[in-house]
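Novice: coords please:
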Amino acid sequence: MSNLIKTELYKLRTSKLFIVLLLCMMAVNNISLVGSIMMMNTLVDVPDAMKMEFSTAFSSPFTLDMMTMFIYISAVSFLFLDFNNGYIKNLAGQVSNRGDIVTSKFIVIAVHNLIFFLAAAVSNLIGGLIVGMNMDIQNLGAGIATFFIKWLLSLGIGAVLLFFAVGLKSKSFALIIGVMVSLSAFSLIYMGIDTAINNVLKLNGFSLSQYMPDALISSVNVAKGNLVANGIIAAIVFIVLFCFLAHVTFKKRDIK
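Specialist: Down below sits the predicted model:
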């Protein structure tokens, strides 16, 4: 297992696409933050107490939800790399348990996502220093806790992409899901399901988005007490469920 993880980590750090997407995400994230704050400052005089807090760089590392598209495109491309170059067949023949391949890929995706999240936070800090931020660190602990819960939720989404890209060998479908998640496209589906459930079961206020990682990654906030338990539980459930499904499907499928 350790050798598999080392191999996957080597592939990641030598991936030109990973590096390019990471740098592009940092640049776009920084520009969008600086641009939006500068535009707001030209319209109104923002007092120091209402400026971007230091902790916000961690609690909301991505200026816009669509910035996560860089993560998911990079993740799917990395997960499917061995299928593209045909190395997966040799790799499957070298290990006694093919499930270890899935596990090693998920572990490296965890590292991959963490790098993107840290890079986004750094770009936010740089942007905040450019336009001026509130340096009060009172909520820093809550901001960092939110940061790691959102990272955990991204792993729940990563597990879904792992299932489709590796378990079902469907790069196209995995990419579509990644793009839809980053554009919050599933929120429309959730609203339809919410309406149906509330009408049929005579419920009041049921919201599926409170239990789905793609929606929770935008709304969870430790400082405000927003859906913290939901975020942690949803992340763990999705990670366990879709990693299990990826293991089962990958071990049963013929490698070509």
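
Novice: How many residues are close by A92?
Specialist: A count of neighbours around A92, defined by other Cβ atoms under 10 Å, yields 15. For the C-beta atoms, the positions are set from N, CA and C on the backbone; glycine is no exception.

Novice: Name the residues of whichever strand or helix holds it that come out as buried.
Specialist: Assigning secondary structure by DSSP states H and E places A92 in helix 87-94. Of the residues in helix 87-94, those buried under the neighbour-count criterion (16 or more other Cβ atoms under 10 Å) are I88, L91.

Novice: so is the residue most central in space within the chain in a helix, a strand, or just coil?
Specialist: With distances taken as Cα atoms, centre = their mean, the residue of the chain nearest its centroid is S154 (3.0 Å). At S154, secondary structure determined by DSSP: H, G, I helix; E, B strand; the rest coil is helix.

Novice: Surely it and I217 touch.
Specialist: Yes. If you go by Cβ atoms under 8 Å, S154 and I217 touch, sitting 6.4 Å apart.

Novice: okay, and the common contacts of those two?
Specialist: Taking Cβ atoms under 8 Å, 6 or more residues apart in numbering as the contact criterion, the residues that touch both S154 and I217 are T68.

Novice: Just list the residues touching A185, thanks.
Specialist: Listed by Cβ under 8 Å, 6+ apart, the contact set of A185 reads V179.

Novice: Phi first, then psi, for it.
Specialist: When quoted as degrees, to the nearest 10, the phi and psi of A185 stand at phi -70, psi -30.

Novice: Please apply the same query to F62.
Specialist: Geometry field for F62 lists phi and psi as phi -100, psi 120, criterion degrees, to the nearest 10.

Novice: SS state for the nearest residue to it once chain neighbours are set aside?
Specialist: Counting by Cβ to Cβ, 6 or more residues apart in numbering, A120 is the residue found nearest to F62 once chain neighbours are left out, at 5.3 Å. Here A120 is recorded as helix under three-state DSSP.

Novice: and the nearest residue to the residue nearest to the centre of the chain once chain neighbours are set aside, what helix or strand is that in?
Specialist: The shortest distance from S154 to any residue that is not its chain neighbour, by Cβ to Cβ, 6+ apart, is 4.7 Å, and that residue is N113. Assigned by DSSP H and E, N113 falls within helix 99-131.

Novice: List the buried residues for that helix?
Specialist: Using 16+ other Cβ under 10 Å as the test for burial, helix 99-131 gives 99-106, 108-110, 112-113, 115-117, 119-121, 123-125, 127-128, 131.

Novice: cool, and stretch 52-69?
Specialist: By neighbour count, with 16+ other Cβ under 10 Å as the criterion, the buried positions of stretch 52-69 are 52-63, 65, 67-69.
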